[in-house]
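Undergrad: Sequence first, predicted model second:
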Amino acid sequence: MTNKELADLIFPNIDKTIEDYEAMYPKRNLPEGAKVTRFAPSPTGYVHLGNLLQSLTDYYLAKNSGGIFYLRNEDTDTKREIKEAVDKIMEALNYLGFIPDEYDYQDKTVGKYGPYTQSKRREIYQAFIKHLITIGRAYPCFCTSEELDIMRKKQEAKKSRIGYYGGWAKCRDLTNEERAQRIKNGEEFTIRFRSEGNFNHKFIFHDLVTGDIEFPENDMDHIIMKSSDFLPTYHFAHLVDDHLMHTTHVVRGQEWLASVPFHVELFNTFGFELPNYIHNTLLLKQENGIRRKISKRKDPEALMGYYIEKGYPKEAIIESLMTILNSNYEEWRDNNPDKSYLEFEFNPTKVSTSGALYDLDKLDNISKNLISKMTKDEVYANLVNFTANFDQEFKDIIEKDPEYTKAILNIERVQEKPRKDYACWSDIRKQIWYMYDELYHDVTYEWGTITDHDEIVKITSTYFSKYYNEADDKDTWFNKVKDLATELGYAANMKEYKANPENFKGNVADISTVLRVAITSKKQTPDLYAIMKLLGKDKMLHRLDLIK
RNA sequence: GGCCCGUUGGUGAAGUGGUUGAACACAUAUGCCUUUCACGCAUACAUUCAUGGGUUCAAAUCCCGUACGGGUCACCA
């Protein structure tokens, strides 16, 4: 029995050849240097930081070079597939603005190189596998997983290399007659690649991040098609899809480095040009002094949802991830504050090869700077948008009087160095809630050095009956606070107080703190003058009643 | 265990044999400024680049060994 006959027996309905597919998916017509990248997640769960870093790299590479960025749904693992995962992926890409040029979504296909969902490409993979069987480079394997387990245990006991290769590959040298017979008997089988590599031969692989790496040749007969649904494994889908879709740069995590020898043999067997590879840095987490791969299960900050729920601006996430990718990005950003990150010149050799810890403090810093540079209208719009999804109560409150809220958000914003209070949209409510009567109940007063109730009442009532005037400008206002301090036996300025503290009951800072806490309950707030103006005398007097 | 990749401060890191007394940014601490906070300013924070040896006039930078960390060895991607 010939290989061709065996191939026809296994795939009787596959008529198209590799040449047919090559003709269907001709080379892309792109300018010189344009890169074609893809984000190819498997829909098995939530989007995590590693996915983000990868999609950012892909998107950046394509857009920076005038190329194509496409989304490919790697759903060949039907057992682990989660339905909503694709929606989560789209949501994340939309949030960050990484809109793919080509994709499948909800029965819609955009782009000429589709379908972009692997489960819809079954017959394409099978045509390629049929070709391999015909040329004697793939064969059906009837080993069950139990048999494979036993083999592995034997190999461990003998301390030999683990895997399906050489003499261990039981099904490798079956005759075609035997194969055909067992298939006709209805035995389940997978398809394995027939390797011709020699483990003792080394070759050099060039990775854009790590540089030259010396590997032994692959000699494993890996499974390329599963028995259950005749769908390919990742390795084979990678070969077919990235070839046919003309991917120029494959971005994936470093965990894939180990399977490079196999991929190289696969591409060589077909005579296909190898794409460029960027094996990206792994995001790690430090715990008890030990670094480990960041985990979806244990680390809430590993999931995209964490950042969306807290309300980090997408630009902040992108900036912080760019910093991880190329640490000189920050310096570039300082020198080019108004440019898009897409104009940055990314250098893959500068990507860390040892794994990076994602620093939330750094994210906060980047985000605070970013938000501090926004106008009150931008902050307000973002806040409305955020609360619409996560805090309806607060949304209703701020929308009762948008101008009031904007005025609050504008405190110490229009100045050369604006306040940096908010790292994310959910921070805002935590810091300005006391400006709204709806939220001002059951408060806890954060009194400072003065805690005596009578003294507090004396200070506040004297101030509001004798000194406070809504029409005062800031200097007048503060001079009056000083007058109040003097009247009650407190130092009106700090220098005087520091020189002779024993002469005073306290100083003007103590007085200010009492006033601040009395009307906001908080010890730390932005500029008190601005707050008093916004609150208005009636509201403040009402709040004073609460402490009497 | 085999194969592969790493190891510079709390973090991201700069650094490719000699202006490095190890940059820059974040974090932390202290001080100044100051009505609080934030901002701003100033100072501190790796006597040393995992470790042992070698090459060299000279090494974080090149070579070898060791230790440690990570990845991978699935009909998962």
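TA: Yep, that arrived. Numbers count the residues shown, from 1 in each chain, chains lettered A, B, ... in the order given.
Undergrad: who's in contact with the lowest-mean-pLDDT helix or strand in chain A?
TA: Taking mean pLDDT, DSSP states H and E as the measure, chain A has strand A:290-293 as its least confident helix or strand, at a mean of 71. For strand A:290-293, the external contacting residues (CB atoms under 8 Å, 6 or more residues apart in numbering) are A:282, A:283, A:284, A:285, A:355, A:357. Backbone N, C-alpha and C define where each C-beta goes, glycine included.
Undergrad: where exactly do the helices run in the stretch 351-500 of chain A?
TA: For the stretch 351-500 of chain A, the helices defined by DSSP state H, counting those that start in this stretch occupy A:360-372, A:376-390, A:392-400, A:402-409, A:425-432, A:453-462, A:474-487, A:494-499.
Undergrad: And for residue A:508, the neighbour number?
TA: 22 (other CB atoms under 10 Å).
Undergrad: same question, the one 5 residues further on
TA: Here the count is done by other CB under 10 Å, and residue A:513 has 20 residues near it.
Undergrad: go on, residue A:451?
TA: For residue A:451, the count of nearby residues is 10 (other CB under 10 Å).
Undergrad: before we move on, back to that, just the CA atoms of the least confident helix or strand of chain A, as PDB, please.
TA: The C-alpha trace of strand A:290-293 is given here as PDB (Å, rounded to 0.1, in the frame of the first residue of the first chain):
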ATOM      1  CA  ILE A 290      10.700  33.900  45.200                       C
ATOM      2  CA  ARG A 291       9.800  34.900  41.700                       C
ATOM      3  CA  ARG A 292       7.300  33.000  39.800                       C
ATOM      4  CA  LYS A 293       5.200  33.300  36.700                       C
END
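Undergrad: Downstream of that strand, the next helix or strand is which one?
TA: helix A:304-310 (DSSP states H and E).
Undergrad: Can you tell me what sits against that next one?
TA: Contacts of helix A:304-310 (CB under 8 Å, 6+ apart): A:46-49, A:51-52, A:88, A:91-92, A:95, A:300-301, A:317, A:390, A:424-426.
Undergrad: switch the cut-off to 6 Å
TA: A:47, A:92, A:300, A:317, A:424, A:426 (CB atoms under 6 Å, 6 or more residues apart in numbering).
Undergrad: What is the burial count for residue A:320?
TA: 22.
Undergrad: At the contact with RNA strand B, which residues of the stretch 201-350 of chain A appear?
TA: A:202, A:210-211, A:213-216, A:223, A:226-228, A:231, A:233-234, A:254-259, A:281-282, A:284, A:286, A:290-293, A:323-324, A:327-328, A:330-331, A:349-350 (CB under 7 Å from any atom of the strand).
Undergrad: let's see 6 Å
TA: Selection of the stretch 201-350 of chain A residues close to RNA strand B by CB under 6 Å from any atom of the strand yields A:210, A:213-216, A:223, A:226-228, A:233-234, A:254-255, A:257-259, A:281-282, A:290-293, A:323-324, A:327-328, A:330-331, A:350.
Undergrad: how about the closest residue to residue A:347 other than its chain neighbours, phi and psi?
TA: Leaving aside its chain neighbours, residue A:347 sits nearest to residue A:326 (6.0 Å; criterion: CB to CB, 6 or more residues apart in numbering). Main-chain torsions, residue A:326, degrees, to the nearest 10: phi -140, psi 110.
Undergrad: List the beta-bridge partners for the closest residue to residue A:103 other than its chain neighbours.
TA: Distances taken as CB to CB, 6+ apart put residue A:71 closest to residue A:103, at 4.0 Å, once the chain neighbours are dropped. Taking DSSP bridges as the rule, residue A:71 bridges to residue A:39.
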